[in-house]
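[1] need a 3D model of the following:
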Amino acid sequence: MGSDHFVRITRLRALIDHENTGPGERATAQRMLDRLLRKTMGRNPSQAAADRVYGSRHHRAGRHATTASIVESVRDDIAFARSFAPAGAPGEVSAHSPLAAAPPELIVAVTTPFADQIVVTITDIPPDWGWEPDEFDRIVATEVLRGLADELADIIDAYNHDGTDVGPRFFRTIRAQETTLIR
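    Numbering: from 1, shown residues only. A predicted model of the protein is given here:
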């Protein structure tokens, strides 16, 4: 592929992904990009989408959503998961949610320090619930705290995408106080 094709493809993608691009201009740029990709790659551009993996909630925020709007959706999902307690009759199997089972004093903050990064910080963790000594007497996260971090990562990943032809929409980090649990 020639370098001028690369520049045109990059500019068209930037125009399509820009939040201030109007719907008509976005559709025109998408059609131009599709034609250019067919011409330069000799294949249907929709084949590239077959190599992508989308999170289960990717459609909620929208294709052109900013990281800040995704953070708001993640915050809403976390608040719902913390307050949701599935009701079941005695003897029924109930779903376990580490967020719902977490101590109420626990604080979960979701921020976006950069345009392509989401950071979740868990604070006010009760010492006996979240931390324990390991075999070398170092203080490490308990299994329940790691389960909470895994659930938070699942919530965030539901809004992400990844694939062979495109990188992730954003990167995520889960921290418990000053300790990074998941990167």
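[2] so which elements touch the longest helix along the chain?
    For the chain, the longest helix by residue count, based on DSSP state H, is helix 23-41. Applying 3 or more C-beta pairs under 8 Å, 6 or more residues apart in numbering; DSSP states H and E, we find helix 23-41 packed against helix 3-17. Glycine gets a C-beta too; all of them are placed from N, C-alpha and C.
[3] buried sites along the helix it packs on?
    Neighbour counts using 16 or more other C-beta atoms under 10 Å place 9, 12, 15-16 of helix 3-17 among the buried residues.
[4] swap in stretch 66-86?
    67, 69-71, 73-75, 77-78, 81-82.
[5] please work out the average pLDDT along that stretch.
    Averaged over stretch 66-86, pLDDT sits at 85.
[6] break this structure down into its domains, please.
    Following automatic domain parsing, the chain resolves into domains at 1-50, 54-182.
[7] mean pLDDT lowest for which of the ones you listed?
    Across the domains of the chain, domain 1-50 gives the lowest mean pLDDT, at a mean of 71.
[8] so who does residue 174 touch?
    Applying C-beta atoms under 8 Å, 6 or more residues apart in numbering, we find residue 174 in contact with 120, 122, 149, 152-153, 180-183.
[9] appreciated, that's everything.
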